[in-house]
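> give me coordinates for this.
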Amino acid sequence: MQQTFTEFSTNAILKIGDESLLSIYKESTQAALYTFIRTHDTKAEIIVDSIPYTIEAGSLLVLTPVQYIQFVKGENLVVYQFNQEFYCIKDYDQEVSCAGLLFFGNVHVPLIGLSTEEAHKFSILHEVFMDEFDTKDSIQAEMLRMLMARFIIISTRLLKAKEGFVETTKNTKIELLREFNMLVETHFKAEHSVSYYADKLFKSPKTLSNTFSKLNTSPLQIIHDRIILEAKRLLIYTDKTAKEIAYEVGFEDASHLSRLFKKNTSFSPSDFKKQLKTTV
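Below you'll find the model as predicted:
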């Protein structure tokens with residue numbers, strides 16, 4: 001059984017289901033979505049970036065959008081998938097953000113063994129998730145995001161408590177991506193150039209581009225995605241004008257933000273705001 005939540009105003013997507021959600025990964029394919037895979041009483045097998053993993057019974061595996069995955073086998077799984085617009089549209093503590101420990105903070109793919117009590121907590125939370133899918137109202141999106149935040153907080157606590165947890169060592173592609181994301185999170189409103197972040201990381205812009213291309217992204221796209229995400233937040237959750245929002249995210253000329261926004265969303269900021277009103 002699958003449930004899918006979509007939000008037109010933000011392009012947010014949340015999918016909850018079983019192993020059928022993983023059927024598109026029969027061949028190695030970039031995940032494209034943040035993904036959680038939880039096993040019950042049987043093992044599952046998956047290949048992540050050419051490395052095979054066995055997900056033992058009663059375990060939770062965490063994957064990022066940039067990883068390439070191939071689903072080999074598994075039954076009776078619980079799978080959660082969401083995009084940046086669903087969860088990252090809201091502000092969360094650094095540890096449980098989209099650049100937090102679960103997604104970009106471990107040497108290996110986070111694979112968390114669950115005790116009977118911990119598995120039970122996730123099962124209860126899953127029931128609440130499924131119940132919320134049946135509640136169609138204006139605050140459904142907010143409730144689903146709150147539930148996902150709780151899911152990620154619980155998972156992060158378990159990861160940190162796990163014996164042998166090691167945060168990512170320096171000089172790896174994933175750590176560089178995480179550090180870049182963290183810097184962008186801090187400075188994106190004032191700094192829009194790749195060279196600024198490259199200097200902070202003691203790398204050349206070309207090195208960043210070459211490294212990130214192997215993760216199917218680019219430094220400039222990450223900066224632009226963060227600017228667009230912030231603009232969406234302000235359009236959705238405040239009454240600020242497009243001009244005020246442009247100034248807040250570092251553009252002196254509102255037309256510059258408008259062009260960037262339209263290139264990434266097919267809407268101008270003002271048209272995006274109008275669409276919000278028609279979908280309420």
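> surely residue 53 touches residue 37?
No. Judged on C-beta atoms under 8 Å, residue 53 makes no contact with residue 37 at a distance of 9.8 Å. The C-beta positions use only the backbone N, C-alpha and C, and glycine is treated the same way.
> so where's the stretch 1-150 of the chain uncertain?
Applying pLDDT under 70 to the stretch 1-150 of the chain flags residues 94, 104-108.
> same thing but 80
For the stretch 1-150 of the chain, applying pLDDT under 80 flags the ranges 1, 8-9, 49-50, 66, 89-101, 104-108.
> the helices in it, which residues?
Under the criterion DSSP state H, counting those that start in this stretch, the stretch 1-150 of the chain contains helices at 84-87, 101-104, 116-133, 140-161.
> just the strands in this protein please.
Along the chain, the stretches classed as strands by DSSP state E are 3-7, 12-17, 29-30, 34-38, 44-48, 51-55, 59-63, 68-73, 78-82, 111-113.
> can you list the strands that the third one pairs with?
Strand 29-30 has its sheet partners listed here by DSSP bridges as strand 68-73 (antiparallel).
> between residue 53 and residue 37, who's got more neighbours?
Neighbours were counted for residue 53 and for residue 37 using other C-beta atoms under 10 Å; residue 37 has more, 25 against 19.
> give me the beta-bridge partners of the closest residue to the more buried one other than its chain neighbours?
Excluding its sequence neighbours, the residue lying closest to residue 37 (C-beta to C-beta, 6 or more residues apart in numbering) is residue 61, at 4.5 Å. Beta-bridge pairing of residue 61 under DSSP bridges involves residue 37, residue 111.
> and residue 61, what does it touch?
36, 37, 38, 46, 53, 55, 109, 110, 111, 112 (C-beta atoms under 8 Å, 6 or more residues apart in numbering).
> who wins on neighbours among those?
Most neighbours among the contacts of residue 61, by other C-beta under 10 Å: residue 37, with 25 neighbours.
> residue 44 is in contact with that one, correct?
Yes. Counting by C-beta under 8 Å, residue 44 is a contact partner of residue 37 at 6.7 Å.
> common neighbours of these two, please.
55, 74, 77.
> what sits against the last one?
Remark: with contacts taken as C-beta under 8 Å, 6+ apart, residue 77 is in contact with 18, 19, 22, 37, 38, 39, 40, 44.
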